[in-house]
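A.B. asks: Got a predicted structure plus its sequence, pasted below:
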Amino acid sequence: MTKKLEIILCAVAITTAAGCRREAVRVYTAPKDPPPRQETARHPGGDAHGNESDAPSRPRPQLSWKLPEDWREVAPGRMNVATFSIKSGDQEAQVTITPLPMLAGRDAMIVNMWREQVGLTPLDADQVTDQLRDVIVGGENGKLFEVTGKAGEGETPSRILTAMVHRPDASWFYKLSGDEPLVETQKSAFLEFLKSIQIQAPADGASTSTAQSGQHNWNVPDGWKQVTPGQMQVARFAVQREGASAEVFVSVFPNDTGGTLANVNRWRGQLKLQEVDEKTLASLTAPLDPAVPKAVLVDMTNDTQRMLGAIVPRGEQWWFYKLLGDAAAVGAERESFVRFAKSNP
């Protein structure tokens, strides 16, 4: 079974009343980083969807907040430690809290990822800097940016406010997103919510609860050995075929992390290959599954290694699968990898 990123509830709610406003205080412990991998073939390079560093397990701090009126806490997604739902009439919005491995220095990539989500064109680094505003998150200095647009033709305008704080343990993202009018009316409550955030570092030697085991419906091919996943991975497998070795990585993100071209070029960088443009991209990709029109399969090779990558949108999540290793092993496992990526987890 794979390890699932979940939060552990450490204390029950304490509800207080103050006039017409009700605030709930919640305390959570964010999941600790995964333990170091014990065994598997090692391949150079790394990216957001694959060979992340196998850092030693270290405890994450406790997180608490004051919940604004009309915000309802709901089950968090796979990547989040907390999620809140906001509704007003027929309008909806959502607030999420997500810690990710350190992304300091990548503000342009982060902002442009959110811009693409609402159909906006990317900005250069200087333009991104102009977009960022100072914000206080639990007494710490962070940056806030806003994007507004439409994800597709005829869709309702949506707006996203994101605050980010790069801490020693992780980069923390606090996002308010949804229908534009509701997000606008909730902006002041969101900023007050950010001020109420309290992150308390765990005491030295304090134990941190591990993430609970998650279950998936996929069928793991014969010969794939499950190993400890790295950061930002939900599963990892080691493959040995005829003296050759490879690894399979599975990651899940709340969006497509920049689009197919950006992801393919990140993977090409891992293989020390030159970036390609949209025209060349077409020769590297193929449809993965007729049932999922936007799902693609990419095949790339350098002098010593081969990589198969699959990008599969499912609901509000994007699944990234990667088979990387010796060309002989990757070739032998191609059909098994494709079936695995097409199976509904």
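C.D. replies: In hand now; what should we look at?

A.B. asks: Are we agreed that R268 is in a helix?
C.D. replies: Yes. Assessed with DSSP: H, G, I helix; E, B strand; the rest coil, R268 lies in a helix.

A.B. asks: That one is in contact with V276, isn't it?
C.D. replies: Yes. Using C-beta atoms under 8 Å, R268 makes contact with V276 at a distance of 6.8 Å. Yep, even glycine has a C-beta here, placed from its N, CA and C like the rest.

A.B. asks: Looking at those two now, which is surrounded by more residues?
C.D. replies: R268 (20 against 16; other C-beta atoms under 10 Å).

A.B. asks: any idea how far A341 is from the more buried one?
C.D. replies: Using C-beta to C-beta, to the nearest Å, we find R268 at a distance of 19 Å from A341.

A.B. asks: now swap in S88 and tell me
C.D. replies: Here the criterion is C-beta to C-beta. By it, S88 lies 39 Å from A341.

A.B. asks: Next: L284.
C.D. replies: For L284, the distance to A341 equals 16 Å [C-beta to C-beta].

A.B. asks: likewise L288?
C.D. replies: Per C-beta to C-beta, L288 is found 6 Å from A341.

A.B. asks: Give the residues shared as contacts by those two.
C.D. replies: Listed as contacting both L288 and A341 by C-beta atoms under 8 Å, 6 or more residues apart in numbering are A295, L297, A310, V312.

A.B. asks: biggest separation within those residues, which pair?
C.D. replies: L297 and V312 (9.4 Å; C-beta to C-beta).

A.B. asks: shared neighbours of those two, which are they?
C.D. replies: Joint contacts of L297 and V312 (C-beta under 8 Å, 6+ apart) are L288, A341.

A.B. asks: Strands of the stretch 201-345 of the chain, residue ranges please.
C.D. replies: Per DSSP state E, counting those that start in this stretch, the stretch 201-345 of the chain carries strands over the ranges 224-226, 235-241, 244-253, 285-289, 292-301, 305-314, 317-326.

A.B. asks: tell me, what residue is most central in the protein?
C.D. replies: F253 (3.7 Å; C-alpha atoms, centre = their mean).

A.B. asks: nearest spatial neighbour of that one, skipping sequence neighbours?
C.D. replies: W318 (5.0 Å; C-beta to C-beta, 6 or more residues apart in numbering).

A.B. asks: wait, what's in contact with that neighbour?
C.D. replies: The contact partners of W318, taken as C-beta under 8 Å, 6+ apart, are V252, F253, P254, N255, D256, T257, I311, V312.

A.B. asks: and the third one, how many neighbours?
C.D. replies: A count of neighbours around P254, defined by other C-beta under 10 Å, yields 19.

A.B. asks: Figure out the helix or strand that the closest residue to it other than its chain neighbours lives in.
C.D. replies: For P254, ignoring the flanking residues on the chain, the nearest one in space by C-beta to C-beta, 6+ apart is M79 at 5.9 Å. Using DSSP states H and E, M79 falls within no helix or strand.

A.B. asks: returning to that earlier point: of L284 and A341, which one has the most company?
C.D. replies: The neighbour count for L284 versus A341, taken as other C-beta under 10 Å, is higher for A341 (26 against 18).

A.B. asks: Run through the residues that contact the nearest residue to that one once chain neighbours are set aside.
C.D. replies: In this structure, A341 finds its nearest non-sequential neighbour in A310, 3.9 Å apart by C-beta to C-beta, 6+ apart. By C-beta under 8 Å, 6+ apart, the residues touching A310 are L288, A295, V296, L297, V298, W319, F320, Y321, K322, F337, V338, A341.

A.B. asks: and the gap between the fifth one and F337?
C.D. replies: Meaning V298. For V298, the distance to F337 (C-beta to C-beta) stands at 12 Å.

A.B. asks: What would the longest helix seen in the chain look like as PDB? C-alpha coordinates only.
C.D. replies: Ranked by residue count, the top helix of the chain under DSSP state H comes out as helix 180-196. What follows is helix 180-196, C-alpha atoms only, in PDB (Å, rounded to 0.1, in the frame of the first residue of the first chain):
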ATOM      1  CA  GLU A 180     -15.000  36.300  -8.300                       C
ATOM      2  CA  PRO A 181     -17.700  38.200  -6.400                       C
ATOM      3  CA  LEU A 182     -17.600  35.800  -3.400                       C
ATOM      4  CA  VAL A 183     -13.800  35.900  -3.300                       C
ATOM      5  CA  GLU A 184     -13.900  39.700  -3.300                       C
ATOM      6  CA  THR A 185     -16.300  39.800  -0.300                       C
ATOM      7  CA  GLN A 186     -14.200  37.200   1.500                       C
ATOM      8  CA  LYS A 187     -10.800  38.900   1.000                       C
ATOM      9  CA  SER A 188     -10.800  40.800   4.300                       C
ATOM     10  CA  ALA A 189     -11.800  37.600   6.200                       C
ATOM     11  CA  PHE A 190      -9.100  35.800   4.400                       C
ATOM     12  CA  LEU A 191      -6.400  38.300   5.400                       C
ATOM     13  CA  GLU A 192      -7.600  38.200   9.100                       C
ATOM     14  CA  PHE A 193      -7.500  34.400   8.900                       C
ATOM     15  CA  LEU A 194      -3.900  34.600   7.700                       C
ATOM     16  CA  LYS A 195      -3.000  36.800  10.700                       C
ATOM     17  CA  SER A 196      -4.600  34.200  13.100                       C
END
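
A.B. asks: Since that was my last question, I'll sign off now.
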